[in-house]
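Chemist: After the sequence you'll find the predicted model.
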Amino acid sequence: MTKERGGSIIFLAAGIYGLAFSMGFPMGKWNAPGPGVFPLSLSILLCTFGFVWFVQGRAKEGEKPRERLAGLFGKSGTPLQIIGLTAAFIFLLEPLGYLLAAMLYTFTLFFLVSRYKVWISAALAMAFGAGSWIFFTKVLSTPLPTGLLGL
Amino acid sequence: MDVLNNLVAGFQTALTFKNIYLCFIGCLWGTVVGILPGIGPLAGIALLIPATFGMDATGAIIMLAGIYYGAMYGGSTTSILMNIPGESASVVSCLEGYQMTRKGRGGAALFIAAWGSWIGGTLGIAGLMFLAPLLANQAVKFGPPEMFALLLIAFILLGSLGKGSFFRTAPMILLGLLIGTVGMDQLTGTMRFTHGIKELYDGIGFIPVAMGVFGIGEILSSVEESLVRQAHRVRFRELLPSREELRASWGPIFRGTGLGFFIGLLPGSAHVLASFLSYTLEKRLSRKPQEFGTGRIEGVAGPETANNAASESAMIPFLGLGIPTGPAPAVMMIALLIHGVRPGPLFISEQPQVFWGLVASMYIGNVILIILNLPLVGLFINLLRVPFRILFPVILLVCLVGTYAVNSSVVELIILLVSGVLGYLFRKFDFDIAPFILAMIIGPTIEMTFRQSLMRSGGSFSIFWASPISLALFALSGVLLLWNVYRALRPKRASWEKVLEEGT
C-alpha cells in the first residue's frame, strides 16, 4: 500500500459514512437549506478526492507491496502497545479512579514500552501517578474520578 | 491617541499583581512545553484551561496567551541543543542551530534565538494593537455573505499553504469540515451523526481531537525512533555571541519580523511556514549559501524571529474577526467562549479591558520571556536531561488528564485516542494535519453563514456578489483557487515550495 492509498482509504471511509447518514437528514429548499446539504456536499467531495487518490496512489511497476507495507508500518509494534494500554486506561479510569489507573498505566508503559526493570517501573509509576494526582487535584483543583480508593 | 490611551488602560489592567503572576505562570509553562518535545503549546494551553475556570476572562487569556508565545521561545532550545524541535515551528532551527552546538557555539545560537524572538515578538505586538482594531471596525460591516466569502478565502489559503499540493490538503480540509458538522444543527435542532450519544449533541470537542492528532499522534510517531536522546551542556558565559555573529543577525531579525508578521495573518500553521520561508529567504540572500547547513547564525536568527512575529500577528484575525488561524489560537478561543467572551468584530469594542489588558500583558510577557530564556536557560536545559522513555508516559498522562478535565467525559478520552491514531496515520501517509484541525473549528461558521445568506436572499445566489466587499472577496477566492489548481498541476515546483514540502 502506498502512502496516497493509505490516506485515500481514510477519506473514502469518511466520505461513504457521511454519504450514508447525511442522505437521511432534511435537505430543505434553496431559500432555507436544511441540515443535510452541507454534510452531503462534503461527503460527495470526500468520496471524489478519496477515489482520485486511490487511483493515483497505485503501486508503480517493480515495487513489491510487502516491502512498501513493511516500510510504512515496520516499527509500529510500540505504537500499537501504547494504543492498547491507553485504551485500557480509558476503560479503567472511572471504575478504578485516577490515582490507581494512572499508576497502573504508567507502570505498564515504563515496564513494557520503556523496558525499565520492575522495581524502577514501580517507583516511577508511584512517583508520577501520585505526583500528577497531587498536582491536578490539589494544585489545579481538576475534578478527577475517585473510583475504588475514594481519592 | 486613542491607541495610546487604550494601551495605558491596558497596562493598568495588566500591571496588577494577579495579572503579572498569571502572565509569569503562562510564560514559564509555555517555555517548559516549548522545550519538552511532544508537548506543544496546544496541549500546554488545553491542560491549563480547567485552572482558568475560577478566573476572570482577562486573567485567563493573559495566562493562555503567555503559554502560546512562550512556547515559541522555548521551542528553539531543544532544536539547538538536541536537534529535536520542541515545537513544530522550531524544526528549521535544528538545521543551523544544532550545527552551531556541535561547533561549540550553541550558547550564541540560543542568545540570538531569544534576542530575535524578543524583537519579533515586541514589534508583532505593536502591529497587533494598531491593526486588530482597524480590522474589527471593517469587519463590523460584514454580513453573512461577506463572512462566508472571507472564510472561503481562508480555506483556499489553508489548502495552498499546507504540506504538499493543494489536492493533498483539500481532502484534509473536507474531513475537518465533515467532523465539524457532528452534533445539533444550530438552525433547525436536527441531530447529525450523533447516534444517540448525548456527549456528541454539542459536537465533537475540539480539544480532544486537537490533543489527539497533535499530542498522542506525535508520541506514537516518536516512539518508533530511538528512545535515547542526549542534550548538550551550555554554560552562562558561552551565551554571548561574537561581534560577527551579532552583526550577521540584525538583517535576518528585521526581515524575519516583517515576513513573520505578514505570514501570521494567514490561516494555517503560520508560525511554521514563517520560519521555513525566513530560512529560505536568508539562504537566498546570503553571500555564502553553500555554508547553510553547517551552522550559520542567520539560519537561526531569521526563522526564530519570524515564528515569534507570526505568533503575535496570528492574534489579529483571531481577536478582530473571530477566525483562529492556528490550532493554539483555536484552543484559546474555546477558553474565551467558556468565559462568555466571543472573539470577533465586536470583541474589542465590547471587551476593551480584555483586549488591551492582553496586549499590555504581551509586552510584559516578552520581557519575562527574555529573562527566562537567557540568564535562566541553564535551568531549563536540565529538563532535557530527563530521558524520553521517562518523558513520553508523562506526556501521554498530561494529554489524557488535560482532555478529561475540560468536561469530565470518558467519551472525549475515546475521541482523543481515535484522533491520536488518525494523527499517527496521517503522519505516516504524509498528509498535513493543521488544515484538518482548523477546518473543524471554522466549519460550523462557514456552514451557518452560507445558509443564513441563502435564507436572507430567498434562495438567490446573487447575494454572494451583491455587495462590493463580497464581490471582491469572491473574485479573490476565485483567483486563489485557480492559482492553486495551476500550482498543483504544473510539473515543476518553486524552490520555496520544495523546502516546505520536504520540511514540514
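Modeler: Looks like it arrived, so ask away. Numbering: from 1, shown residues only, chains lettered A, B, ... in the order given.
Chemist: Per-residue pLDDT of residue 135, please?
Modeler: Going with chain A. In the prediction, the pLDDT value recorded for A:Phe135 is 84.
Chemist: Oops, wrong one, chain B.
Modeler: pLDDT, B:Leu135: 82.
Chemist: That one contacts B:Phe318, doesn't it?
Modeler: No - counting by Cβ atoms under 8 Å, B:Leu135 does not reach B:Phe318; the two are 10.7 Å apart. C-beta coordinates here come from the backbone N, C-alpha and C atoms, glycine included.
Chemist: Those two: who's more crowded?
Modeler: Taking B:Leu135 and B:Phe318 together and counting by other Cβ atoms under 10 Å in any protein chain shown, B:Phe318 has the greater number of neighbours (23 against 17).
Chemist: What helix or strand is the more buried one located in?
Modeler: Assigned by DSSP states H and E, B:Phe318 belongs to helix B:315-321.
Chemist: Local confidence estimate at the most far-flung residue of chain A relative to its centre?
Modeler: Distance from the C-alpha centroid of chain A, by Cα atoms, centre = their mean, peaks at A:Asn31 (39.7 Å). pLDDT, the model's per-residue confidence, is 84 for A:Asn31.
Chemist: To which secondary structure element type does A:Ile82 belong?
Modeler: Recorded secondary structure, A:Ile82: helix (DSSP: H, G, I helix; E, B strand; the rest coil).
Chemist: Could you do B:Leu369 as well?
Modeler: Going by three-state DSSP, the state assigned to B:Leu369 is helix.
Chemist: A:Leu100 too?
Modeler: Reduced to three states with three-state DSSP, the structure at A:Leu100 is helix.
Chemist: Low-confidence ranges, chain A, go.
Modeler: Applying pLDDT under 70 to chain A flags the ranges A:1, A:59-71.
Chemist: Do you have the strands of it handy? List them.
Modeler: Chain-ordered strands for chain A, with DSSP state E as the definition, fall at A:28-29, A:32-33.
Chemist: State the distance from the spatially closest residue to B:Thr52 that is not a sequence neighbour to chain A.
Modeler: Sequence neighbours aside, B:Ala60 is the residue nearest to B:Thr52 in space, at 3.7 Å (criterion: Cβ to Cβ, 6 or more residues apart in numbering or on different chains). The gap separating B:Ala60 from chain A is 14 Å, by Cβ to the nearest Cβ, to the nearest Å.
Chemist: now do B:Asn307
Modeler: The spacing between B:Asn307 and chain A, counted by Cβ to the nearest Cβ, is 28 Å.
Chemist: And that residue, which helix or strand is it part of?
Modeler: Under DSSP H and E, the secondary-structure element containing B:Asn307 is helix B:298-313.
Chemist: With B:Ile469 instead?
Modeler: B:Ile469 belongs to helix B:468-489 when elements are defined using DSSP H and E.
Chemist: sorry, back to before: mind exporting the helix holding B:Asn307 as PDB, just the C-alpha atoms?
Modeler: Backbone C-alpha positions of helix B:298-313 (Å, rounded to 0.1, in the frame of the first residue of the first chain) are rendered in PDB as follows:
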ATOM      1  CA  GLU B 298      21.400  33.800  10.000                       C
ATOM      2  CA  GLY B 299      19.600  30.500   9.800                       C
ATOM      3  CA  VAL B 300      18.700  30.700  13.500                       C
ATOM      4  CA  ALA B 301      18.100  34.400  13.800                       C
ATOM      5  CA  GLY B 302      15.600  34.800  10.900                       C
ATOM      6  CA  PRO B 303      13.400  31.800  11.500                       C
ATOM      7  CA  GLU B 304      13.200  32.200  15.300                       C
ATOM      8  CA  THR B 305      12.300  35.900  14.900                       C
ATOM      9  CA  ALA B 306       9.700  35.000  12.200                       C
ATOM     10  CA  ASN B 307       7.900  32.400  14.200                       C
ATOM     11  CA  ASN B 308       7.500  34.800  17.100                       C
ATOM     12  CA  ALA B 309       6.300  37.700  15.000                       C
ATOM     13  CA  ALA B 310       3.800  35.300  13.300                       C
ATOM     14  CA  SER B 311       2.500  34.000  16.700                       C
ATOM     15  CA  GLU B 312       1.700  37.700  17.700                       C
ATOM     16  CA  SER B 313       0.100  38.700  14.400                       C
END
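Chemist: same for that helix, what does it pack against?
Modeler: In terms of contact count using 3 or more Cβ pairs under 8 Å, 6 or more residues apart in numbering or on different chains; DSSP states H and E, helix B:298-313 is assigned the packing partners helix B:57-82, helix B:91-93, helix B:106-139, helix B:243-264, helix B:270-285.
Chemist: returning to that earlier point: now the residue farthest from the centre of chain A. Nearest residue, chain neighbours left out?
Modeler: Distances taken as Cβ to Cβ, 6+ apart put B:Gly459 closest to A:Asn31, at 3.4 Å, once the chain neighbours are dropped.
Chemist: Can you get me the centre-to-centre distance for the host helix or strand of B:Phe426 and its chain?
Modeler: When elements are defined using DSSP H and E, B:Phe426 is found to belong to helix B:410-428. Distance, stretch centre to chain centre, for helix B:410-428: 20 Å (Cα atoms, centre = their mean, to the nearest Å).
Chemist: Find the residue closest to A:Thr2 in space, skipping its chain neighbours.
Modeler: If you skip the residues right next to it in sequence, A:Thr2 has A:Gly57 as its closest partner in space, 4.5 Å away by Cβ to Cβ, 6+ apart.
Chemist: for the helix or strand hosting B:Glu218, packing partners?
Modeler: Assignment of secondary structure by DSSP H and E places B:Glu218 within helix B:217-222. With contacts defined as 3+ Cβ pairs under 8 Å, 6+ apart, helix B:217-222 has these neighbours: helix A:77-96, helix B:388-407, helix B:410-428.
Chemist: What residues sit buried inside the second one?
Modeler: Translated: helix B:388-407. Judged by neighbour count (16 or more other Cβ atoms under 10 Å in any protein chain shown), helix B:388-407 contains these buried residues: B:388-406.
Chemist: now it: mean pLDDT?
Modeler: In the prediction, helix B:388-407 has an average pLDDT of 85.
Chemist: ok so, going back, residues making contact with the helix holding B:Phe318?
Modeler: B:65, B:127-128, B:131-133, B:135-136, B:139, B:150, B:264-265, B:267, B:323-325, B:329, B:332-333, B:343-345, B:347-348, B:355, B:358 (Cβ atoms under 8 Å, 6 or more residues apart in numbering or on different chains).
Chemist: re earlier: now the weakest link among the helices and strands packed on helix B:298-313, please, by mean pLDDT.
Modeler: Within these, the stretch with the lowest mean pLDDT is helix B:91-93, showing a mean of 75.
Chemist: Remind me what the next helix-or-strand element following that one packs against, helices and strands.
Modeler: With elements assigned by DSSP H and E, the helix or strand that comes after helix B:91-93 is helix B:99-102. If contacts are counted by 3+ Cβ pairs under 8 Å, 6+ apart, helix B:99-102 sits against helix B:57-82, helix B:106-139.
Chemist: so B:Val32 touches B:Asn382, yeah?
Modeler: No - under the criterion of Cβ under 8 Å, B:Val32 is not in contact with B:Asn382, lying 11.2 Å apart.
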